[in-house]
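Chemist: Below are the sequence and a predicted model; questions follow.
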Amino acid sequence: MDAAQAWEYCVVTLGSWIRSPKDGELTATLNELGEDGWQLTASTSREGSQALTLFLQRPLGRDERRRRSRPGGTW
């Protein structure tokens, strides 16, 4: 029986407190992350800011899970 799916997560913030991300910047970032296997799961605007924070996930591969579970393995 396979173990439950493990995930790794990525948080990316675009824009700043005075500037929201441009559509082209957002599209390019999402496309680049998507090519690396990341899937957007949620997004939110930062309170009091024009920045947009993206929350992404992708399956954690068997080799990476094994490496991280070894003593001395790093996250």
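Modeler: Structure's in. What do you need?
Chemist: who's in contact with the most centrally placed residue in the chain?
Modeler: Nearest residue to the geometric centre of the chain (C-alpha atoms, centre = their mean): residue 10, 2.5 Å. Contacts for residue 10 (C-beta atoms under 8 Å, 6 or more residues apart in numbering) come out as 33, 38, 55-58. Using the backbone N, CA and C atoms, a C-beta is placed for each residue, glycine as well.
Chemist: swap the cut-off to 10 Å and go again
Modeler: Applying C-beta atoms under 10 Å, 6 or more residues apart in numbering, we find residue 10 in contact with 33, 36, 38-41, 54-58.
Chemist: same check, this time on residue 16
Modeler: Residue 16 touches 46, 49-51, counting by C-beta under 10 Å, 6+ apart.
Chemist: hang on, the earlier thing: and the residue nearest to the centre of the chain, which helix or strand is it part of?
Modeler: Secondary structure from DSSP states H and E places residue 10 in strand 7-14.
Chemist: and that strand, C-alpha only, in PDB?
Modeler: Listed next in PDB are the C-alpha coordinates belonging to strand 7-14 (Å, rounded to 0.1, in the frame of the first residue of the first chain):
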ATOM      1  CA  TRP A   7       3.300  17.800  -0.400                       C
ATOM      2  CA  GLU A   8       5.800  20.700  -0.500                       C
ATOM      3  CA  TYR A   9       4.700  24.200  -0.400                       C
ATOM      4  CA  CYS A  10       5.800  27.600  -1.800                       C
ATOM      5  CA  VAL A  11       4.700  31.100  -0.800                       C
ATOM      6  CA  VAL A  12       5.400  33.900  -3.300                       C
ATOM      7  CA  THR A  13       4.600  37.600  -2.800                       C
ATOM      8  CA  LEU A  14       4.400  39.900  -5.800                       C
END
